[in-house]
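J.: Here is a sequence together with a model predicted from it:
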Amino acid sequence: MSSRADSIPIVSQATYTSSGTSGHYAVGEYRAGTIYVYIRGLSGTGPRVLPRWQISPNAGHGATSGYWMTQKSYATSIAATGLSMITLPGFARWGRLNYTVRGTGPNVNFSAWFVGQASY
């Protein structure tokens, strides 16, 4: 069986001062995946970010606004520069990254991407 890996940027490199959510992505075809978060800079008092991968069976398609639940979260907030990752245990049809920015006057410069492995 052949396989491929796709890298999908899900949060653009920028400075974030509040919590947010990425757009949603069709990830149902992947059998394995990893979320990578790269923290370029932190400022303020106690700045940190807590990323969570959320999944949905419908992602807002049709008559509903979509139902989202957290599938996997980083164990602790990220409070240092550099690259970190979490592996995902499985997939629903849709996925997105939700993140919480914490601290006093936090400025967290980061980006994130999803890397999924699929069979074909």
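T.: All right, it came through fine.
J.: Spatially central residue for the protein, please.
T.: In the chain, the C-alpha nearest the mean C-alpha coordinate belongs to L97, at 3.1 Å (Cα atoms, centre = their mean).
J.: Please verify my assumption that it contacts L50.
T.: No - taking contacts as Cβ atoms under 8 Å, L97 lies outside contact range of L50: 10.9 Å. (Glycine included, C-beta is placed from N, CA and C.)
J.: related to what we said a few turns ago, residues in contact with the residue nearest to the centre of the chain?
T.: L97 is in contact with I10, V11, T21, S22, I35, P51, R52, W53, Q54, A112, F114, counting by Cβ atoms under 8 Å, 6 or more residues apart in numbering.
J.: Who does it form a beta bridge with?
T.: Note on L97: beta-bridge partners by DSSP bridges are W53.
J.: Likewise for M69?
T.: Beta bridges link M69 to I55, judged by DSSP bridges.
J.: Equivalent analysis for V115, please.
T.: Assigned bridge partners for V115, using DSSP bridges, are S7, T34.
J.: burial of it, as a residue count?
T.: When neighbours are counted by other Cβ atoms under 10 Å, V115 registers 17.
J.: List the contacts of it.
T.: V115 is in contact with A5, D6, S7, I8, G33, T34, Y36, counting by Cβ under 8 Å, 6+ apart.
J.: same for the helix or strand of the chain with the lowest mean pLDDT, what does it pack against?
T.: Taking mean pLDDT, DSSP states H and E as the measure, the helix or strand of the chain with the lowest value is strand 25-26, at a mean of 90. If you count contacts as 3 or more Cβ pairs under 8 Å, 6 or more residues apart in numbering; DSSP states H and E, strand 25-26 packs onto strand 94-119.
J.: What average pLDDT does the strand it packs on get?
T.: For strand 94-119, mean pLDDT is 95.
J.: any idea how far that strand is from the chain center?
T.: 4 Å (Cα atoms, centre = their mean, to the nearest Å).
J.: Of the contacts of L97, which is the nearest to S77?
T.: Lowest distance from S77 to these (Cβ to Cβ) belongs to P51, with 8.9 Å.
J.: Put the alpha carbons of stretch 67-79 into PDB.
T.: Only the C-alpha atoms of stretch 67-79 are listed here, as PDB (Å, rounded to 0.1, in the frame of the first residue of the first chain):
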ATOM      1  CA  TYR A  67     -20.700  20.500  16.500                       C
ATOM      2  CA  TRP A  68     -17.100  20.600  17.700                       C
ATOM      3  CA  MET A  69     -15.400  18.700  20.500                       C
ATOM      4  CA  THR A  70     -11.800  18.700  21.700                       C
ATOM      5  CA  GLN A  71     -10.100  15.400  20.600                       C
ATOM      6  CA  LYS A  72      -6.600  16.100  21.900                       C
ATOM      7  CA  SER A  73      -5.000  18.900  23.800                       C
ATOM      8  CA  TYR A  74      -1.400  19.700  24.700                       C
ATOM      9  CA  ALA A  75      -0.700  18.500  28.200                       C
ATOM     10  CA  THR A  76       0.300  22.000  29.300                       C
ATOM     11  CA  SER A  77       0.400  25.500  27.900                       C
ATOM     12  CA  ILE A  78       3.400  26.300  25.700                       C
ATOM     13  CA  ALA A  79       5.500  29.000  27.400                       C
END
